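In: Test case, fold it:
(chains A and B)
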2 protein chains.
Amino acid sequence: MPNGFKASGIKAGLKPSGKPDLALLVAPEGAVCAGTFTKSLVRASCIDICIDRLKKNSGKARAVLINSGQANACTGERGLLDSLRATKALADRLGLLEDEILICSTGVIGLPIPIERLICGLDMLVEDLSHEGGFAAANAILTTDLVEKQVAFETYLDGQRLRIAGMAKGSGMIHPNMATMLAYISCDVGLPADVWIPMVHRVVESSFNSISVDGDTSTNDACLAFAAGPPLDKQHIDILEVGLKKVADHLAKSIARDGEGANCLLEVEVIGAFDDVAARTIARTICSSSLVKTAIHGCDPNWGRIIAAAGRAGVDFLPNELSLWIGSYQLIQQGDLLEFDPKVISDYMRKQRAGTYLKNDSISIRLEIGNGQGAAICWGCDLSDQYVRINADYTT
Amino acid sequence: MPNGFKASGIKAGLKPSGKPDLALLVAPEGAVCAGTFTKSLVRASCIDICIDRLKKNSGKARAVLINSGQANACTGERGLLDSLRATKALADRLGLLEDEILICSTGVIGLPIPIERLICGLDMLVEDLSHEGGFAAANAILTTDLVEKQVAFETYLDGQRLRIAGMAKGSGMIHPNMATMLAYISCDVGLPADVWIPMVHRVVESSFNSISVDGDTSTNDACLAFAAGPPLDKQHIDILEVGLKKVADHLAKSIARDGEGANCLLEVEVIGAFDDVAARTIARTICSSSLVKTAIHGCDPNWGRIIAAAGRAGVDFLPNELSLWIGSYQLIQQGDLLEFDPKVISDYMRKQRAGTYLKNDSISIRLEIGNGQGAAICWGCDLSDQYVRINADYTT
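Out: Down below sits the predicted model:
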């Protein structure tokens, strides 16, 4: 983990499955924290606590407690009191102020946390804190995820080592604008809150807010990014942002790839739009289309569904200036359908789907429209029978 | 069919399956036609032809030719010429002007119509025209639909008989704002275009534009509503609109119920919103949520997903003033979760799903928010494994 950061993850008995369910990340003194949260009106009280405390302390925070047993959303007054009690108990054990502790929850909406169990788990959680605890924490924040999602970036700037590490969880209810996802990033250089916070917001927009699994946004989603350490020379700010973007992109792609029931990553690039916002709107719409996603699942180069999705995105463009590629195969050249063998492209898609996790198992779609210089990439996944089964059977 | 209207439907050999694929509806002289069309930028040239001709003739039109073999969308210049050739050939056979003929197509995007076969079929199509031809036409416009969708409304106004009949097709790519759906309505009273057209637009908004199967909007969708006959007394206009709404609602619900892979109709009513538009936005978002739809498929009263969908609809409301019902079971009362047995509600949902087509097989969700008098009802369906299989395997 980056210098000075510690983490831990344990089984506190919050999940019926008995899997790890409670994680802690502690940042060194002086840490600034940038937070981005679900935009849903119906949000868990733990999100309100994070927003209030970050605001009150001008972005200063020292730790975040994460439970993956219950979302503790729509649990009313009781849910709020449970969250407050948990952060108070943790603050006492860490010798910190209550206000320096953030809290996140994920799991089934409407279920309260078995708070006594959580409180009982805090001693072990604090005892286990270590510089090597990142893996245990990354494992303890998962719900229906199939794999842990962790990544680290390291570079040297004038002899000063810079490390950025991240962990995240998905994997249903994932849609642009913070869906059921939690992401935690730590970085061991110090920089003012008014530089770090806007940088994190920029990066979140083109990473976590550019993925979609099923179009649903959740009540609990949060990305918290801590930075603490020796001050970073201003000339290196750009390199820091590049590193941060690499970490966030990797985590975002991991979440999309591990979408519920997903068999492959879908990458949609739109170029030549009026501006980046227009490009992202089109790319998101394609990534979120059930018909595109089922075609990808069936390894079917059904280009009609792709451009139909682009057409309903609400962004103006000229259909007869549109060019389309699936992988390296061009299908449409400025509105004209080219000669191509659907079987060849279908074989390519089948081969990609059979790739190794996040190595070769992505299917890329590129759309060029003739409106300007705007560009964006969004990520999603195929829509499979398993997605339906997972979500039809989740709580009952 | 309403007085003076004729229809026919035949097998012209446009579909590989050999099923009926070409339909014709002819309205009596003087008919006015209101059309609403897909809002997608990428739309078939037949839609352009309809829009142009209705505009040019101030809403006058006499016939519509519908082929269900190929969408003839994204087929460039050739697609446009084929459509023009078809309407010209039909106009010659009907003794009408080319401009009085409208044309619609549905099927796979990107495939052109086998135009010679279509032209060859026109003689038989015209020969078969009859007052009783509605069923043959309703059958010939279907693609992946499992059942025909037809309905008629009849009443007497001061001794004058009023009849409204409608037919429609779905069943994938269905989302508010005219998705892959075609609907044709005929009505045997005469009224001015400036009364009929706004009335049809109002009714379409709360019927066809209030359904969603999969969130995808298509390139070819159209609703055409013809009215021709003895002038209707102004005092009866309201009754006409009630009848038109009944016909459109029935067809819209039929389309949602017959959504690809659907096992039941989902009816979402939102009341107490700031205005009807806000209510419809929330109802649509719930109806379109993959997580709500899979929960319905699993007969799972997963209320958390319902209110999470409401929360991300982009409409302002106070979550703690929200009340929720599934069927007649109340789950939330002004933000407070009530005591209920999930098994009882699950059994109710299972029983509803087992109902007869459009009789008892609907699951209703009612959401009350405390913002005002706005209300809306939207319809959708469950999301099943079959939906994925149908759409993963459609063209290959």
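In: Show the contacting residues for A:G13.
Out: Contacts here follow Cβ atoms under 8 Å, 6 or more residues apart in numbering or on different chains; on that basis A:G13 touches A:21, A:114, A:117, A:121. Using the backbone N, CA and C atoms, a C-beta is placed for each residue, glycine as well.
In: how does it look with 10 Å?
Out: Contacts were defined as Cβ atoms under 10 Å, 6 or more residues apart in numbering or on different chains; by that measure A:G13 touches A:21-22, A:69, A:114, A:116-118, A:120-121.
In: So which of the residues you listed sit within strands?
Out: When these are checked against strands (DSSP state E), the matches are A:L22.
In: Pick out whichever of the contacts of A:G13 sits closest to chain B.
Out: Sorting the contacts of A:G13 by how near they are to chain B, with Cβ to the nearest Cβ, puts A:G69 at the top with 14.6 Å.
In: How about that closest one, nearest residue that isn't a chain neighbour?
Out: The shortest distance from A:G69 to any residue that is not its chain neighbour, by Cβ to Cβ, 6 or more residues apart in numbering or on different chains, is 2.8 Å, and that residue is A:L14.
In: Give the helix, strand or coil label for the one you found.
Out: Under DSSP: H, G, I helix; E, B strand; the rest coil, the three-state class of A:L14 is coil.
In: Near it, how many other residues are there?
Out: Other residues within reach of A:L14 by the criterion other Cβ atoms under 10 Å in any protein chain shown amount to 25.
In: right, and it touches A:L118 too?
Out: Yes - here A:L14 reaches A:L118: they are 6.4 Å apart, a contact under Cβ atoms under 10 Å.
In: Residues in contact with both of these two, list them for me.
Out: A:21-22, A:67, A:69-70, A:105.
In: In PyMOL, select just the buried ones from these.
Out: Selecting the buried subset of the shared contacts of A:L14 and A:L118 in PyMOL, with 16 or more other Cβ atoms under 10 Å in any protein chain shown as the burial test, is done by:
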select buried, chain A and resi 21+22+67+69+70+105
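In: Report the two of the shared contacts of A:L14 and A:L118 separated the most.
Out: For the shared contacts of A:L14 and A:L118, the maximum inter-member distance is 11.4 Å, found between A:L22 and A:Q70 (Cβ to Cβ).
In: Could you tell me which residues touch both of those two?
Out: Here A:L22 and A:Q70 share the contacting residues A:14-15, A:113, A:118, scored by Cβ under 10 Å, 6+ apart.
In: Now restrict those to buried residues only.
Out: In terms of neighbour count (16+ other Cβ under 10 Å), the buried residues within the shared contacts of A:L22 and A:Q70 are A:14-15, A:113, A:118.
In: Provide the backbone phi and psi angles at A:G327.
Out: Dihedral pair for A:G327: phi 60, psi -130, per degrees, to the nearest 10.
In: Check A:G380 too.
Out: Taking degrees, to the nearest 10 as the convention, A:G380 sits at phi -150, psi -150.
In: Quickly list what it is bridged to.
Out: With beta bridges defined as DSSP bridges, A:G380 has these partners: A:L266.
In: right, and it touches A:A283 too?
Out: Yes - with contact defined as Cβ under 10 Å, A:G380 and A:A283 form a contacting pair (9.3 Å).
In: Give me the neighbour count for A:D92.
Out: For A:D92, the count of nearby residues is 12 (other Cβ under 10 Å).
In: Let me fix that, I meant to ask about A:L41.
Out: Residues contacting A:L41 under the criterion other Cβ under 10 Å number 19.
In: confidence score at it?
Out: Model confidence at A:L41, given as pLDDT, is 82.
In: mind checking pLDDT for the closest residue to it other than its chain neighbours?
Out: Nearest-residue entry for A:L41: B:G311, 4.3 Å, with adjacent residues in sequence omitted and distances by Cβ to Cβ, 6+ apart. If you check B:G311, the pLDDT there is 88.
In: what are the ranges of the strands in the stretch 201-350 of chain A?
Out: Taking DSSP state E, counting those that start in this stretch, the strands of the stretch 201-350 of chain A run over residues A:222-227, A:265-273, A:323-326, A:329-333, A:336-337.
In: any idea which of those strands is most buried?
Out: Burial of the strands of the stretch 201-350 of chain A is given as mean neighbour count (mean count of other Cβ atoms under 10 Å in any protein chain shown); strand A:222-227 ranks first at a mean of 27.
In: So is that one next to chain B?
Out: No - when contact is scored as Cβ under 10 Å from any Cβ of the partner chain, no part of strand A:222-227 falls within range of chain B; the minimum is 15.0 Å.
In: Which helix runs longest in chain A?
Out: With secondary structure taken from DSSP state H, chain A has its longest helix at helix A:237-257.
In: Check which residues of that helix are buried.
Out: By neighbour count, with 16+ other Cβ under 10 Å as the criterion, the buried positions of helix A:237-257 are A:240, A:243-257.
In: any idea of the mean pLDDT for it?
Out: Averaging pLDDT along helix A:237-257 yields 92.
In: Dump the C-alpha coordinates for that helix into PDB.
Out: The C-alpha coordinates for helix A:237-257 follow below in PDB (Å, rounded to 0.1, in the frame of the first residue of the first chain):
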ATOM      1  CA  ILE A 237       0.700  17.200 -10.700                       C
ATOM      2  CA  ASP A 238       0.100  16.000 -14.300                       C
ATOM      3  CA  ILE A 239       1.900  12.800 -13.700                       C
ATOM      4  CA  LEU A 240      -0.100  12.200 -10.500                       C
ATOM      5  CA  GLU A 241      -3.300  12.600 -12.500                       C
ATOM      6  CA  VAL A 242      -2.100  10.200 -15.200                       C
ATOM      7  CA  GLY A 243      -1.400   7.600 -12.400                       C
ATOM      8  CA  LEU A 244      -4.700   8.300 -10.700                       C
ATOM      9  CA  LYS A 245      -6.500   7.800 -14.000                       C
ATOM     10  CA  LYS A 246      -4.700   4.500 -14.700                       C
ATOM     11  CA  VAL A 247      -5.800   3.200 -11.200                       C
ATOM     12  CA  ALA A 248      -9.400   4.400 -11.600                       C
ATOM     13  CA  ASP A 249      -9.700   3.100 -15.200                       C
ATOM     14  CA  HIS A 250      -8.400  -0.300 -14.200                       C
ATOM     15  CA  LEU A 251     -10.800  -0.600 -11.200                       C
ATOM     16  CA  ALA A 252     -13.800   0.700 -13.400                       C
ATOM     17  CA  LYS A 253     -13.000  -1.800 -16.100                       C
ATOM     18  CA  SER A 254     -12.700  -4.600 -13.400                       C
ATOM     19  CA  ILE A 255     -16.200  -3.700 -12.100                       C
ATOM     20  CA  ALA A 256     -17.700  -3.700 -15.600                       C
ATOM     21  CA  ARG A 257     -16.000  -7.000 -16.500                       C
END
